[in-house]
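Q: Predicted structure and sequence below. I'll ask about it afterward.
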Amino acid sequence: MASINKKLFSHLNVEDDDPVWEKFADVEFAKKNIFSDNKAYLVEDGLVRKYYINSTSDINTEVCAEFYFPGDIFTVGNKGSEGIYESINSGLAWEITLDEVKEMFAVSPECRFVQNYYLSRKLKAAMKREMLLLKNTPQDLYEYLLANKPHYIQNIPLKYLASYIGITPISLSRIRKRIT
């Protein structure tokens, strides 16, 4: 049986001998795996994207909102309440039900730290992304990713990266050609 790489999640400040680790079940996933509702996940290996379906036109399009790399956490709420969480490649995650998470928060004050840490990181990232999208051109956004998040450029397929920036893959190709 596999065990969680606790060092990868050391930023959560959960002791190695904390019983919370035993509540997580391993989930090996393949490319294009859709993650189950009402669960929290710790990504140990692989890459996951969160996207929404934009159905405002005749053609449904996918709009990438976030990406999760090893060491990241994400939660999937009720079906239809959030985006869709899909793996970009195969990997390993650790899952726990949201009911178990709520129970841990009620029982253990130390877990509140993890919750506050997670929520503050999510809020800060969402505010930063919103400001980047509002104030910058697509080329500025791509250059920002090159300078500040090169792992995005190296690991995320261009069609998803284009969607994340808010442009078509052809437009992203033109930006990349101009920059090089």
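A: Now that the structure is in, tell me what you want to look at.
Q: The nearest residue to T61 once chain neighbours are set aside: how many residues sit nearby?
A: With sequence-adjacent residues excluded and distances taken as CB to CB, 6 or more residues apart in numbering, T61 is closest to N54, at 4.8 Å. C-beta coordinates here come from the backbone N, C-alpha and C atoms, glycine included. Residues lying near N54 (other CB atoms under 10 Å) number 12.
Q: ok, now I170?
A: There are 8 residues near I170, going by other CB under 10 Å.
Q: looking at this, it is in a helix?
A: Yes - assignment of I170 by DSSP: H, G, I helix; E, B strand; the rest coil places it within a helix.
Q: mind checking how far it is from M104?
A: Distance from I170 to M104, counting by CB to CB, to the nearest Å: 47 Å.
Q: What residue spans form the domains of this protein?
A: 6-125, 136-180 (automatic domain parsing).
Q: Which element, helix or strand, includes S57?
A: If you go by DSSP states H and E, S57 is not part of any helix or strand.
Q: Read off the pLDDT value for it.
A: Looking at S57, its pLDDT stands at 72.
Q: do the same with the one 4 residues further on
A: According to the predicted model, the pLDDT of T61 comes to 84.
Q: Same check on I179?
A: We have a pLDDT of 91 for I179.
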